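In: have a look at this fold, sequence not included:
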C-alpha cells in the first residue's frame, strides 16, 4: 500500500514537472519581452506552440535514418526521467535513490549524445556545426559540474540530492565562501547546458553562432515538439537542482502527507518564479559571447569549483 | 581439476596453432582453426567463470617439469587469475566467433591462422603462471605472437614500421619486468610467486619495483608517454586481432601490474597512490584528445584504449592510496571500480573493433573522411556500434557508466586521506576523469556520426554491404552484455568480491539482496545508482510518448529534401568531416597539447584558385622523448661503424685492450 502511494506521488511529481516546464519557458520569454519594452507573447504560448507542432506532419529529409526518428523520443525520455530524479517539491521520493547527482548529469549526457548524433544524421553543414559545438561545450561544462558535485559531497557527505537538500536545511551549514563559489559555478554550468545567453541564444534562427538550434534545424512537427519540450524540462531541471541545493526551504519529505506536499509545491512555484525573473534580467543585461570565448567562461566556472573545494579543506583546518 | 582442464585448453590452442601452419592452404582451414579456438576459449571461459563463482575450487596449484631445470613451471588458479581468465577468454571466444565470418576476407591466411590461437594460448599462460620465469616466458610468447599478427599485412605502408616499434617497446617493457622480478627475488633467488610473496623488500627496493612494474606493464597497456607504439600496432593487425590486442591484451598488462604491485610487493607507500592516479589521469585525457584528432577509425579506437587504460589506472592508484592508509573499504571500492572497468572495456572495445572490421571488410576503408551514411547500408553493424559507442562514452544505462561512477565514488572518499598531497591531487584527478569522459562522448559522436550517419562520402561507402551472420552474432552478444552489465551491475560487483577480498582484505557490501537491484557502494545515504530502473523508465517513457503522440496527435510523415536553412547542397563534401567536427575542441585544447597551428590561405578577389587550410599538429612526446633517443642511437651507431673496417691487427689490439681493461676493473673492484 505504502509503495503504491509512493508511486502515485512520484508520478504526480513527473506530471508536475512536465506541466510546469513550458510555463517556466513562457514566463521567462514574457519577462524578457517586458524588460525590453515589448508586450511579449502570452504565458501559455509555449503550450500552444507544442500543440500546433504535435498536430503537424513530420517532414524527414531523404537521407534521414531511423536514428533521426528515434532520437526525439529518447532525448525526451532521458530528460524527463532525469527530471523525475531531482527533488522538486519533495525529497526522498521513490526514484530519488535510483541516481545521484553524477548519474543525473550523465543521463542528460545520454540525451545530448543522441541529439548530437541526430544533428549529424541528415548530413548538412548546420547539423554538424551544432553537434560539434555542443560536444565542445559539454566537454568543458562537465568537469566544472563535477567540481561542484565534489564541493557539495565534501560538505554533505553524499552525492544524493535528497540528502544534500536535507543537509542544507539543517543547522550545520552556515554561510560559507565555498558554497557561494559552488553556486556561481553551478549557475554558469546551467547557463551553458541550457543554451542560454551568453553561450547561446534560444531565440535566434539562421545565425552562424547558434548551437542548439543548429543541431535541431532539420526537425519538424512532433519530433520538434518533443525536443522543445525536452529542452524546457532541462531548464526546469537545472533550476530545480539549484533550488533544492541552495534554497531547500519548504521542501516536503516523502511520507509527510498531503499538506506538506502542497506547501512544498507552493514553495517550488515561488522558487521557479524568482529563478525565472533572475534569468530574464541576466539574459537581458548581457550580450552573447563569441564561440571561442566559451572556454574562458566555462574555465572560470571550473576554477570556481576547484577553489570551492580547496577553500573547504583550508577552512576545515582552521 | 579446473586448473588442469585450463592447461589442457592452453595446450589445445597451441596445437591449433601448429595445425594452422600445416593446414593454412586448405579451404576449410579458417573455419576449422577459428572453430577450435572458439571451443577452447569457450571451455576456458566456462571453467574460469565456474571457478570464480564457487571460490572453494580456487587456490589449486600445479607444476610441470618445464623451463628452468631447478625451478620447473608452476601454475596456480586464484581469484585474480580466474577473473582475468574470464575477460581474456570471453574476448577470445568472441574474436573467434567474429573471425568465423571475417576471416574469409583474409588474403594471406597463412600469416594469421597459426598465430591467432598461439596468441590466445600465450595470454592464458600469463594468467596461469605462478613463477617469474613462466610468467616472463608466457609474456614474451604473447608479445611475439601478437607481433607476428601485427605484421600479417606487412606490405601495407606503415605496418612494417609499426611492427618494428612494437617489437622495440615490447622488449623494453619485458626488460623492465625482468628487472622487477630480479629485485623481488633478490636475496634468496626464489622465483616462485609463493616465495616472493613472503619476502618483504626494503622501502627503496619496493619503490624501484613499483616504477619498473609501471614501466613494464604500463608500456604494454599503453600508459602515457609509453603509448606511442599502441595506436600504430593495434590498427595494423587484422580487425579481430586488433580487438584482442586492444580489448584483451592491455588487460593482461593490467593483470601484470596488479599481480606485482598488489599481490607480490606487499604494503604500498602512500606516494604510490599519488603517482599512479596522476599517470592514469594524464593518460586518460591525452589518450582521448589524441583519439579526437584522428580520422582513421581503427586508430581512433586504439587511442581510446589508451584513455580507458588511464581510467583503469586511476582506480588502481586510488586503491593503492587507500590501502597505504589502511582504509580497506575504500581500497575495495576503488579496486572494484578498476576491475569492473577492465571487464567493461574488454566488452565494448572488442565490439567497436569488430564494427570497424565489418566496415573495413565491406568498404575497404578505414578513413572516416571517405565513409558516411553506412547506417542505411549496414543497419545491424550500425546498431551494435551505436551501443558500443554509448557504452564507452560512459552514458547510462550502459556499463561504461557504472565503472566510471564507481571510480568517482572512490574519488569522493579521498578527503579522508591524511596526506595533504593526496587530498589535493585526487580531486584534480577526478576533474581529469570527468574531462576525459566528456571528451570521450565527443569522440564517439565523431566516430559514429561521421562513419555511419550523414551521406556517403565516396563510392565505396555508397556500395557497402551488411556483414555476415557470424560477425553480427559476435557484435550482438557483446552489445547485449554491455547493456546487461549496465543494468544489473550488482551481480557483476558481487562476482568480483573474492578477487577484491584476496587483494585488499575487504570487499563491497553484497549488492544482490538490495531492493530493486540498486547498487550502493558504501551506504544508502552516500550514493546509490539503479541502472535497471533508469533503463526501464527511459524505455517506458519513450514508448509511452511515441504511442500517445502517434495515436492522439499525428503519425504522418513526408519525405523531402533536407532543409539546411534553405540552401541544401547535394554534394556530400558540404557535410561536416572528421576533421571539422573536432575543430572546436582542437581550438580549445589542441593549441596547447598539440601546438596546433592553422594556416588559412585565401586567394585575392578575382583569383579562382581554391582556398587552402593547412593544419599542423605536433606529437610532443614523440618529438621530445623518442626522437632524441633515436637520434642518439643513430649517432653512436654511426661512430661505431668504423669498427667494421679494421685490419686483423686492429681487431687483435681491440681484443687485447678489452681484456686488459676488464682485468683492471676486476682488480680494482676487489
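Out: Happy to help now that I have it. What you are looking at is a predicted structure, and each value in this text was computed from that prediction instead of being measured. Numbering: from 1, shown residues only, chains lettered A, B, ... in the order given.
In: what residue in the stretch 201-318 of chain A comes nearest to chain B?
Out: Across the stretch 201-318 of chain A, no residue is closer to chain B than residue A:295, which sits at 4.6 Å (CB to the nearest CB). C-betas here are computed from N, CA, C, even on glycine.
In: who are the packing partners of the helix or strand hosting that residue?
Out: Remark: residue A:295 resides in helix A:294-317, with elements defined by DSSP states H and E. Packed against helix A:294-317 by the contact rule (3 or more CB pairs under 8 Å, 6 or more residues apart in numbering or on different chains; DSSP states H and E) you find helix A:125-156, helix A:177-193, helix B:420-452.
In: biggest helix in chain A, by residue count?
Out: helix A:2-35 (DSSP state H).
In: for it, buried residues please.
Out: For helix A:2-35, burial by neighbour count (16 or more other CB atoms under 10 Å in any protein chain shown) applies to A:6, A:9-10, A:13-14, A:16-18, A:20-32.
In: ranges for the helices of the stretch 501-650 of chain B?
Out: B:531-548, B:578-581, B:583-585, B:591-593, B:620-621, B:627-640, B:648-669 (DSSP state H, counting those that start in this stretch).
In: same question for the stretch 151-300 of chain A.
Out: A:161-169, A:177-193, A:212-215, A:221-246, A:258-285, A:294-317.
In: need the helices for the stretch 1-150 of chain B, in chain order.
Out: B:2-23, B:29-53, B:79-102, B:115-128, B:132-150.
In: residues contacting the helix holding residue A:295, please?
Out: A:136-137, A:140-141, A:143-148, A:150-151, A:154-155, A:176-179, A:181-182, A:184-185, A:188-189, A:192, A:198-199, A:289, B:415, B:423-424, B:427-428, B:431, B:588 (CB atoms under 8 Å, 6 or more residues apart in numbering or on different chains).
In: likewise stretch B:108-119?
Out: So stretch B:108-119 is in contact with B:13-14, B:16-18, B:20-21, B:23-25, B:29-30, B:33-34, B:36-37, B:40, B:96, B:99, B:103, B:106, B:141-142, B:145-146, B:148-149, B:151-153, B:238, B:240-241, B:244, going by CB under 8 Å, 6+ apart.
In: please apply the same query to stretch B:589-601.
Out: Against stretch B:589-601 from outside (CB under 8 Å, 6+ apart): B:286, B:289, B:293, B:586-587, B:611-620.
In: list the contacts of the residue nearest to residue B:68 when sequence neighbours are not counted.
Out: Distances taken as CB to CB, 6 or more residues apart in numbering or on different chains place residue B:133 nearest to residue B:68, at 5.4 Å, with adjacent residues excluded. Applying CB under 8 Å, 6+ apart, we find residue B:133 in contact with B:67, B:68, B:71, B:73, B:191.
In: the residue lying closest to the first one once chain neighbours are set aside and residue A:224: what is the separation?
Out: Think residue B:67. Counting by CB to CB, 6+ apart, residue B:73 is the residue found nearest to residue B:67 once chain neighbours are left out, at 4.5 Å. According to CB to CB, to the nearest Å, residue B:73 stands 67 Å off from residue A:224.
In: OK, contacts around residue 34?
Out: Since you didn't name a chain, this refers to chain A. So residue A:34 contacts residue A:40 (CB under 8 Å, 6+ apart).
In: actually chain B
Out: B:96, B:97, B:99, B:100, B:103, B:116.
In: for those, which one is nearest chain A?
Out: residue B:97 (26.3 Å).
In: that closest one against residue B:38, yeah?
Out: Yes - using CB atoms under 8 Å, residue B:97 makes contact with residue B:38 at a distance of 5.7 Å.
In: those two: who's more crowded?
Out: residue B:97 (25 against 21; other CB atoms under 10 Å in any protein chain shown).
In: farthest-separated two in the contacts of residue B:34?
Out: B:97 and B:116 (12.7 Å; CB to CB).
In: contact partners of stretch B:363-371?
Out: So stretch B:363-371 is contacted by B:235, B:295-300, B:356, B:359-360, B:374, B:446-447, B:450-452, B:456-458, B:460-461, B:463-464, B:577-579 (CB under 8 Å, 6+ apart).
In: with stretch B:37-50 instead?
Out: B:2, B:5-6, B:9-10, B:12-13, B:16, B:57, B:77, B:82-83, B:85-86, B:89-90, B:92-93, B:96-97, B:99-100, B:116-117, B:120, B:124.
In: now do stretch B:141-150
Out: B:111-112, B:115-116, B:118-119, B:121-123, B:125-126, B:159, B:162-163, B:166-167, B:170, B:174, B:220, B:233, B:236-238, B:241, B:244-245, B:249, B:252.
In: now the buried members of these.
Out: B:111-112, B:115-116, B:118-119, B:121-123, B:125-126, B:159, B:162-163, B:166-167, B:170, B:174, B:220, B:233, B:236-238, B:241, B:244-245, B:249, B:252.
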